[in-house]
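Novice: Fold the following and give me the result.
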Amino acid sequence: MTDSPVDQNSAPDTPTPRRKPKPERARLNGRPLKPSTMMMGHGYDPELSEGSLKAPIFLTSTFAFPSAADGKRHFEGITGKRPGGAEGLVYSRFNGPNQEILEDRLSIWDGAEDALTFSSGMTAICILMLAYVGQGDVIVHSGPLYAATEGFVAKVLAKFGVTYVDFPAGATRDELDAVLMRAKRQASESGGKVAMVYLESPGNPTNALVDVEAVRDARDAILGTSCPIAIDNTFLGPLWQRPLDHGADIVAYSLTKYVGGHSDLVAGSIAGAKHWMDPVRALRNTMGGIVDPNTAWMLLRSLETVELRMQRAGENAAKVCAFLKSHPKVTGLGYLGDIQDVRQQDIYDRHCLGAGSTFSVFLKGGEAECFRFLDNLQIAKLAVSLGGTETLASHPASMTHLSVPDERKAALGITDALVRISVGIEDADDLIADFAQALDHV
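Specialist: Numbers count the residues shown, from 1 in each chain. Below is the predicted model:
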């Protein structure tokens, strides 16, 4: 939010910033307030907007400068001639009141110094990667990834001389050391560097977990700390996993999912230390892609209830999975509350705060049986995406991951028998009844 205009008689070489510094996290009797409390007002002062309890939507393309000296100083920050970025509002491709309040609040959930918002999750991921890679560089990534992310690395970045090395989500420290050594040799041969280690945990759609701590230790030992570790935390964030606490440098989200939570917007974000955010902010300033004011306002609304929605959805998922686990037409579950693998359980115990509400269910048969199940759902909706208030179900092999080569899908466990379910906040007994009658048609 902007402060009142500065005194026009102030010295032009020391202009007063138009906005307040990034707000400090509030404390009460020496104790920091919890994120759910801070979502009600952090980063916003009603006095700056005629006493409006909620932040208005600022629909403007540009912002008036108090003085020419202020304008010059803001553009020095935007263009990188002076470190620190713009000290005020300039132009809505760069920043805006709704976006800045949203970014302040998002950083609270992950314990991050800074955050950036984007027009979609894929915009966030693409600009993040482009900000860090150069010709001859190598990206190391876990698998599975969201299909669009994997395609961007393998197909789009490849056009610019960027290659990749991938590893399975559950890789051990020894396996990670070998992968990073291979990537380092590959980068050396191509005249580049290992630009980024990119993770998705849990992986989409199998819920496979990555040992972020082991990745950090391997990175530190082989590549050094100048190579960032980024992680897509969409499936569990921001409530059930805090990757920055376990060694990740940058956390990415499709805000469309749990944070937005109502299947009525598309947006994305990244968060981390300011020195990791600055290159991405600079490229976003050039390319655009910042979230629009109306969507930012809707996300501020959603952040007020994200904890309640995710808790209810998580409770529902536990009940639904208890039913599905014992059903004779279900051959397996990719649910974090019922992990069968010792290695995956160890990662879960160290990294996760909850099992989430998105999971995979494997049915007897293949595509035909999955289609019968999906076509007969009455309450759950046949749609891609996840994290909304309503329950959604889809068939990844023929939908979200259709573009992934068959051999790659087979290696990652994305079979024709897999259905991905995102449980919402309906009544759990009604959802169980719906799944039971749909399974009767299989």
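Novice: for this structure, what spans make up the strands?
Specialist: 27-28, 31-32, 114-118, 138-143, 163-168, 194-200, 229-232, 250-254, 268-272, 330-334, 358-363, 381-382, 392-394, 418-422 (DSSP state E).
Novice: Which one of the ones you listed lies nearest to residue 44?
Specialist: strand 114-118 (15.4 Å; C-beta to C-beta). Just so you know, the C-beta spots here come from the backbone N, C-alpha and C atoms, and that holds for glycine as well.
Novice: Out of the strands of the chain, which gets nearest to residue 69?
Specialist: strand 114-118 (25.9 Å).
Novice: Now do that closest one and strand 250-254, the angle between them.
Specialist: Counting by axes from the mean of the first three to the mean of the last three C-alpha atoms, to 10 degrees, strand 114-118 points 30 degrees away from the direction of strand 250-254.
Novice: which secondary structure elements does strand 114-118 contact?
Specialist: Packing partners of strand 114-118 (3 or more C-beta pairs under 8 Å, 6 or more residues apart in numbering; DSSP states H and E): helix 97-110, helix 121-132, strand 268-272, helix 274-287.
Novice: Mind listing the residues bridging to the residue nearest to the spatial centre of the chain?
Specialist: When C-alpha atoms, centre = their mean is applied to the chain, the residue found nearest the centroid is residue 253 (1.1 Å). Beta-bridge pairing of residue 253 under DSSP bridges involves residue 269.
Novice: can I assume it is in contact with residue 236?
Specialist: No. Look at residue 253 against residue 236 with C-beta atoms under 8 Å: they stay out of range, at 10.3 Å.
Novice: Report how many residues lie close to residue 49.
Specialist: 16 (other C-beta atoms under 10 Å).
Novice: again but with residue 221, I slipped
Specialist: Residue 221, neighbours per other C-beta under 10 Å, totals 12.
Novice: ok, now residue 85?
Specialist: When neighbours are defined as other C-beta under 10 Å, residue 85 has 20 of them.
Novice: Quick one: residues contacting it.
Specialist: Remark: with contacts taken as C-beta atoms under 8 Å, 6 or more residues apart in numbering, residue 85 is in contact with 77, 78, 278, 281.
Novice: In CSV, list the residues you listed along with neighbour count.
Specialist: Listed next are the contacts of residue 85 as CSV, based on neighbours: other C-beta atoms under 10 Å:
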residue, neighbour count
77, 17
78, 21
278, 17
281, 20
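Novice: Could I get these in JSON lines, plus columns for pLDDT and distance to residue 26?
Specialist: Below are the contacts of residue 85 laid out as JSON lines (pLDDT from 0 to 100; distance: C-beta to C-beta, whole Å):
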{"residue": "77", "pLDDT": "89", "distance to residue 26": "27"}
{"residue": "78", "pLDDT": "89", "distance to residue 26": "29"}
{"residue": "278", "pLDDT": "94", "distance to residue 26": "26"}
{"residue": "281", "pLDDT": "96", "distance to residue 26": "25"}
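Novice: Now the two most distant members of those residues.
Specialist: It's 78 and 278 that sit farthest apart of those, by C-beta to C-beta, at 11.5 Å.
Novice: what about the longest helix in the chain?
Specialist: In the chain, taking DSSP state H as the definition, the longest helix is helix 306-325.
Novice: Show me what it packs onto, helices and strands only.
Specialist: By 3+ C-beta pairs under 8 Å, 6+ apart, helix 306-325 packs against strand 330-334, strand 358-363, helix 428-439.
Novice: what pairs with the shortest one, and is each one parallel or antiparallel?
Specialist: It stands for strand 330-334. When DSSP bridges is applied, strand 330-334 pairs with strand 358-363 (antiparallel).
Novice: ok and the strand it pairs with relative to strand 418-422, angle-wise?
Specialist: Orientation note: strand 358-363 sits at an angle of 150 degrees relative to strand 418-422 (the same axes, to 10 degrees).
Novice: for the stretch 1-150 of the chain, which spans come out with low pLDDT?
Specialist: When residues are selected by pLDDT under 70, those of the stretch 1-150 of the chain lie in 1-21.
Novice: let's see 90
Specialist: 1-32, 48, 77-87 (pLDDT under 90).
Novice: Helices of that one, start to end?
Specialist: In the stretch 1-150 of the chain, the segments counted as helices under DSSP state H, counting those that start in this stretch are 35-38, 68-79, 97-110, 121-132, 147-151.
Novice: can you count the residues close to the nearest residue to residue 390 once chain neighbours are set aside?
Specialist: Nearest non-adjacent residue to residue 390, counting by C-beta to C-beta, 6 or more residues apart in numbering: residue 424, 4.5 Å away. Neighbour count for residue 424, taken as other C-beta under 10 Å: 24.
Novice: Could you check the pLDDT of residue 424?
Specialist: On pLDDT, residue 424 comes in at 98.
Novice: circling back: now render the strands of the chain as a markdown table, adding distance to residue 241.
Specialist: Shown next, in a markdown table, are the strands of the chain (distance: least, C-beta to C-beta, whole Å):
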| stretch | distance to residue 241 |
| --- | --- |
| strand 27-28 | 25 |
| strand 31-32 | 20 |
| strand 114-118 | 16 |
| strand 138-143 | 14 |
| strand 163-168 | 19 |
| strand 194-200 | 11 |
| strand 229-232 | 9 |
| strand 250-254 | 9 |
| strand 268-272 | 13 |
| strand 330-334 | 16 |
| strand 358-363 | 13 |
| strand 381-382 | 26 |
| strand 392-394 | 21 |
| strand 418-422 | 16 |
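Novice: Of all the ones you listed, which one is nearest residue 50?
Specialist: Nearest to residue 50 among these is strand 114-118; the distance by C-beta to C-beta comes to 24.9 Å.
Novice: Can you give the contact residues for the closest one?
Specialist: 22, 99, 102-104, 106-107, 124, 127, 255, 267-274, 277, 280-281, 284, 289-291, 296, 299.
Novice: that older thread, which of the strands of the chain sits closest to residue 55?
Specialist: strand 114-118 (14.3 Å).
Novice: report the angle between the axes of the closest one and helix 121-132?
Specialist: 120 degrees.
Novice: Sheet-wise, list the partners of strand 114-118 with their directions.
Specialist: With DSSP bridges as the test, strand 114-118 is paired with strand 268-272 (antiparallel).
Novice: If anything else comes up later, I'll come back, but that's it for now.
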